[in-house]
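**Q** just the structure for this:
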Amino acid sequence: MDAPTLPLTPTSPTWVAVALADLDTVHQDHLHCERKAAQSALSLVRSYPDRLDLVLAVSRLAHEETAHVVQVTQLLGRRGVAPTMDFGDEYAAQLYSHVRRGEPARLLDRLLVFALIEARSAERLALLADAIPDEATAILYRGLATAEDRHRDTFLELAAAAAPTEWQARLAVLARAEADVVARLPVRARIH
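**A** Residues are numbered from 1 along each chain as shown. Model prediction:
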């Protein structure tokens, strides 16, 4: 399969300014995003244990996301900032509402929603990496953005394998829904 593509609308430049004005809140939210990414990947193992290709791919991905939890926790520690409670993620919740019931549609939609979330995370982490004045944090975020791009590609490849004739059309539908969600939500100092 050729390198997968994902039609993502760009984040507003306003988001970068808002994020930079409250980096501690962004880092705290980022910690929860990484934890939820690991949990989401492992939820696929629980739901589809018979799909060995998927189990292997998402288990590796969850392992890497867990390492990101450690890295972001260390970043908070260096900044003298305590993690906060997770107050939820309206962005992800609204995307999940588009997941169809019943298999195999449910598997395809979950993979594509996870790909969209990873893509948005990668885009925003890269924007932060380019804007954060602290070089060590910028390097960390650049590396995390690269990893999220890789995770996006993993989910897209799994979606293509699960539904070779349907995945691209369904991705276009879900990408439009994702763009609508981003447009409707207020700009906040959060990853999503």
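
**Q** for the most centrally placed residue in the chain, what are its contacts?
**A** Geometric centre of the chain, nearest residue: residue 118, 2.6 Å, by Cα atoms, centre = their mean. Contact analysis of residue 118 by Cβ atoms under 8 Å, 6 or more residues apart in numbering lists 37, 148-149, 151-152, 155. Every C-beta, even on glycine, is put in place using the N, C-alpha and C of the backbone.

**Q** quick one: it from residue 111, how far?
**A** As judged by Cβ to Cβ, to the nearest Å, residue 118 and residue 111 stand 11 Å apart.

**Q** can you list residues touching both of these two?
**A** residue 155.

**Q** which residues in the protein form helices?
**A** Assigned by DSSP state H, the chain shows helices spanning 13-21, 23-47, 52-79, 90-96, 105-131, 135-162, 167-184.

**Q** the second one vs helix 105-131, what angle?
**A** In terms of direction (axes from the mean of the first three to the mean of the last three Cα atoms, to 10 degrees), helix 23-47 departs from helix 105-131 by 160 degrees.

**Q** farthest from the middle of this structure: give me that residue.
**A** Quick read of the chain (Cα atoms, centre = their mean): farthest out is residue 80, 25.6 Å.

**Q** thinking again about what came up before, how about TSV for the helices of the chain, with mean pLDDT added?
**A** Converted to TSV, those look like this (pLDDT from 0 to 100):
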stretch	mean pLDDT
helix 13-21	96
helix 23-47	96
helix 52-79	97
helix 90-96	96
helix 105-131	97
helix 135-162	97
helix 167-184	96
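
**Q** quick one, which of the ones you listed is packed in tightest?
**A** helix 105-131 (a mean of 22; mean count of other Cβ atoms under 10 Å).

**Q** hmm, back to that, please report how far the residue farthest from the centre of the chain lies from residue 27.
**A** Residue 80 is 11 Å from residue 27, by Cβ to Cβ.

**Q** ok so, going back, which one of the contacts of residue 118 is nearest residue 101?
**A** residue 155 (19.7 Å; Cβ to Cβ).

**Q** ok, that closest one - contacts?
**A** Taking Cβ under 8 Å, 6+ apart, we find residue 155 in contact with 111-112, 114-115, 118.

**Q** please apply the same query to residue 86.
**A** Taking Cβ under 8 Å, 6+ apart, one finds 32, 35-36 in contact with residue 86.

**Q** nearest to residue 74, of those residues?
**A** Nearest to residue 74 out of the contacts of residue 86 is residue 35 (Cβ to Cβ; 14.3 Å).

**Q** how about that closest one: what's its closest non-neighbour residue?
**A** In this structure, residue 35 finds its nearest non-sequential neighbour in residue 69, 5.3 Å apart by Cβ to Cβ, 6 or more residues apart in numbering.
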